[in-house]
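1. Sequence and computational prediction follow.
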Amino acid sequence: MKTGIIGAGIAGLTTAIALRRQGIATEIFESAPELKAIGVGLGLAANAIKAFRHLGIAEEVIAAGLSLNSYEILDEQGRIINTTDSQLLGKRYGLNNFTIHRAELHRVLQNHIVPGTLHLNKKAINLEQLPTGTKLFFEDGSETIVDNLIIADGIHSLIRQKLYPQVQPRYAGYTCWRAVIPNPGLTLNTAVETWGIKGRFGYVPLAGNKIYWYACANAPQNSPQMQAFTILDLRKLFNQYHAPIPEMLEHTQTHQLIWNDICDLPALPQYALGNILFIGDAGHATTPNMGQGACQAIEDGVILAEAWRKNGSFAAAAQYFEQHRRARTQWVIEQSYRLGKVAHLENRFLIKLRNKAFRIMPARINQSQLDKLFRIQFE
């Protein structure tokens, strides 16, 4: 029996590792000619590390990243709006705030897939559903037939567009620039996000004495002006924000910028279609405001493998996945979308009300959301 995975991102690689633990072989088809992750950082929350522990690779992932003291939301003058203490997170969920370079996470995951099962330069452009499987058509003219198909090729999945042409990514209303830079001598041990009238600016230290920062601003979708932004434009936009934001921008060059509009994905009619299953961003892409995009993709792989073990067939596992993943992933998408709207307010009066509300918010409200995210079992 042949199980194909389209996409060798975090979702695809984690799923291949999880299925291998159950004795299930996979073939991974990746469109890129080489497996090279975009050079930005990401946060992995307790639910993702718990999933990696289930796979037996958590310590390798942790060794490649950096644990942080806290996560803080500040206003543009640097005053605290909200904070999450890592010691409390560690006591309650077993992990502090954690950050890792995306390329490092990919490196760890690649080390745990079976050699020869990853096929590069294989861009899936179409499919044909057969009575006993699925035929895949690749851009290079080749074809293959798989018994089971896991679609994990991201928010712009070509195969999803063939099956669900009516479902298109939803623009969140703001655009984003990212960069990873050498630390210019700053002492950083927390993840920080600043909410100001000009937009959001976040930064986290990475292992290897590097810093990952991102800047988001309200803008029309696909704006040529935003796409043409240089580091000089960003320095001007955020020059009144608190230290060390101006210093980071001074030590960044235009060629280091990665730009994209922020989008998520409306709910698919189904994640599971017989022997076809959508996972990760191909099935439930979210905005990054809750730091859960990669985390949910990692959960997907582990839960699918466990469901297959329990239910005995891919089709039954896919249905189980549909029943147990849809509500959780859609909740993350909608919560993250709303949080982004709140973070990107431009009216000064509403900004003051928002900041005050976050400062006086009872701790139990924040805790209930964290519990919902992090108290997950994979057995």
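-> Yes, it's here.
2. which sections of the chain are below the confidence cut-off?
-> Scanning the chain for pLDDT under 70 picks out 37-39, 86-90, 95-96.
3. which other helices and strands contact the top strand by length along it?
-> Longest strand of the chain, by residue count under DSSP state E: strand 170-182. If you count contacts as 3 or more Cβ pairs under 8 Å, 6 or more residues apart in numbering; DSSP states H and E, strand 170-182 packs onto strand 199-206, strand 210-218, strand 258-264, helix 314-343. Backbone N, C-alpha and C define where each C-beta goes, glycine included.
4. Please enumerate the helices of the protein.
-> 10-21, 46-55, 58-63, 86-93, 102-110, 158-163, 224-227, 231-237, 245-250, 281-284, 293-311, 314-343, 348-360, 363-374 (DSSP state H).
5. Distance to Leu265 added to those helices, as TSV?
-> Output for those, formatted as TSV (distance: least, Cβ to Cβ, whole Å):
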stretch	distance to Leu265
helix 10-21	13
helix 46-55	19
helix 58-63	26
helix 86-93	27
helix 102-110	20
helix 158-163	9
helix 224-227	21
helix 231-237	28
helix 245-250	31
helix 281-284	6
helix 293-311	11
helix 314-343	7
helix 348-360	26
helix 363-374	19
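6. which one of the helices and strands packed on strand 170-182 is the most hemmed in?
-> strand 199-206 (a mean of 23; mean count of other Cβ atoms under 10 Å).
7. what angle do that strand and strand 210-218 make?
-> Using axes from the mean of the first three to the mean of the last three Cα atoms, to 10 degrees, the direction of strand 199-206 lies 170 degrees away from that of strand 210-218.
8. Just checking: what are the partner strands of strand 199-206?
-> strand 191-196 (antiparallel), strand 210-218 (antiparallel) (DSSP bridges).
9. related to what we said a few turns ago, got the angle for the longest strand of the chain vs strand 199-206?
-> Using the same axes, to 10 degrees: strand 170-182 against strand 199-206 is 40 degrees.
10. didn't Leu44 look like it was pressed against Ala64?
-> No: in this structure Leu44 lies outside contact range of Ala64 using Cβ atoms under 8 Å: 10.4 Å.
11. Please enumerate the shared neighbours of those two.
-> Shared contacts of Leu44 and Ala64 (Cβ atoms under 8 Å, 6 or more residues apart in numbering): 100, 105.
12. Among these two, which residue is more densely surrounded?
-> Taking neighbours as other Cβ atoms under 10 Å, Leu44 and Ala64 compare with Leu44 leading, 25 against 17.
13. out of the strands paired with strand 199-206, which comes closest to His156?
-> For the strands paired with strand 199-206, proximity to His156 was assessed by Cβ to Cβ; strand 210-218 is nearest, at 19.7 Å.
14. so how far is the closest one from its chain's centroid?
-> Centre-to-centre, strand 210-218 and its host chain are 15 Å apart (Cα atoms, centre = their mean, to the nearest Å).
15. cool, and stretch 171-188?
-> The answer for stretch 171-188 is 16 Å, by Cα atoms, centre = their mean.
16. Now it - C-alpha only, PDB.
-> The C-alpha trace of stretch 171-188 is given here as PDB (Å, rounded to 0.1, in the frame of the first residue of the first chain):
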ATOM      1  CA  TYR A 171      -6.700  38.400   3.500                       C
ATOM      2  CA  ALA A 172      -6.400  39.500   7.200                       C
ATOM      3  CA  GLY A 173      -6.000  43.200   6.300                       C
ATOM      4  CA  TYR A 174      -2.300  43.700   7.100                       C
ATOM      5  CA  THR A 175       1.000  42.900   5.500                       C
ATOM      6  CA  CYS A 176       4.200  41.800   7.000                       C
ATOM      7  CA  TRP A 177       8.000  42.100   6.700                       C
ATOM      8  CA  ARG A 178      10.300  39.600   8.500                       C
ATOM      9  CA  ALA A 179      14.100  39.300   8.900                       C
ATOM     10  CA  VAL A 180      16.700  37.300  10.800                       C
ATOM     11  CA  ILE A 181      19.700  39.300  11.700                       C
ATOM     12  CA  PRO A 182      22.900  38.800  13.800                       C
ATOM     13  CA  ASN A 183      22.400  40.200  17.300                       C
ATOM     14  CA  PRO A 184      24.200  43.600  17.300                       C
ATOM     15  CA  GLY A 185      24.900  43.300  21.000                       C
ATOM     16  CA  LEU A 186      21.400  43.500  22.500                       C
ATOM     17  CA  THR A 187      20.600  41.600  25.700                       C
ATOM     18  CA  LEU A 188      17.300  39.800  25.000                       C
END
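17. returning to that earlier point: wait, which of the helices and strands packed on strand 170-182 is closest to Phe278?
-> Here helix 314-343 is closest among the helices and strands packed on strand 170-182 (Cβ to Cβ), at 9.5 Å.
18. what angle do that closest one and helix 10-21 make?
-> Using the same axes, to 10 degrees: helix 314-343 against helix 10-21 is 150 degrees.
19. Switch the strands paired with strand 199-206 over to TSV; also include distance to Asp261.
-> Listed next are the strands paired with strand 199-206 as TSV, based on distance: least, Cβ to Cβ, whole Å:
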stretch	distance to Asp261
strand 191-196	19
strand 210-218	10
